[in-house]
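**Student:** Have a look at this prediction, sequence included:
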Amino acid sequence: MENKKKLLRIAGLGILTLGIFPAFLFAPSAVSSMAVVSQVDLAELHELRAEVKYLRAELRNEATAARAAREEAKRYFEALVKISK
């Protein structure tokens, strides 16, 4: 009975070792592929940040143009009011 337990322990350790050993072999490739994915995500993040900065600048330019158009419309309206008097 004791020999049977010892054999089961040895067999269990062998199976466990066979299961874990390939994980150690393939772990570096998994880590490096995660790093590549991480770098791709980081590149996409930088691209998105640049696009957001561009869109913010564009919105500022549009807001500035809208303010200028309002001021111009106001001047035209004031000129029309002066002419109509």
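**Tutor:** That came through, no problem.
**Student:** now residue 51: how far from residue 66?
**Tutor:** 22 Å (CB to CB, to the nearest Å). Where you see a C-beta, it was placed from the backbone N, CA and C, and this is true even at glycine.
**Student:** what's the answer for residue 50, then?
**Tutor:** Residue 50 is 25 Å from residue 66, by CB to CB.
**Student:** Now stretch 50-62: buried residues?
**Tutor:** Going by neighbour count (16 or more other CB atoms under 10 Å), nothing in stretch 50-62 comes out as buried.
**Student:** May I have that stretch exported as PDB, CA atoms only?
**Tutor:** Below are the C-alpha coordinates for stretch 50-62, written out as PDB (Å, rounded to 0.1, in the frame of the first residue of the first chain):
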ATOM      1  CA  ALA A  50      -2.100  63.200 -31.600                       C
ATOM      2  CA  GLU A  51      -5.500  63.000 -33.300                       C
ATOM      3  CA  VAL A  52      -7.200  64.400 -30.200                       C
ATOM      4  CA  LYS A  53      -4.700  67.200 -30.100                       C
ATOM      5  CA  TYR A  54      -5.300  68.000 -33.700                       C
ATOM      6  CA  LEU A  55      -9.100  67.900 -33.300                       C
ATOM      7  CA  ARG A  56      -8.900  70.200 -30.200                       C
ATOM      8  CA  ALA A  57      -6.800  72.700 -32.300                       C
ATOM      9  CA  GLU A  58      -9.300  72.400 -35.100                       C
ATOM     10  CA  LEU A  59     -12.200  73.100 -32.700                       C
ATOM     11  CA  ARG A  60     -10.300  76.100 -31.300                       C
ATOM     12  CA  ASN A  61      -9.800  77.400 -34.800                       C
ATOM     13  CA  GLU A  62     -13.500  76.900 -35.600                       C
END
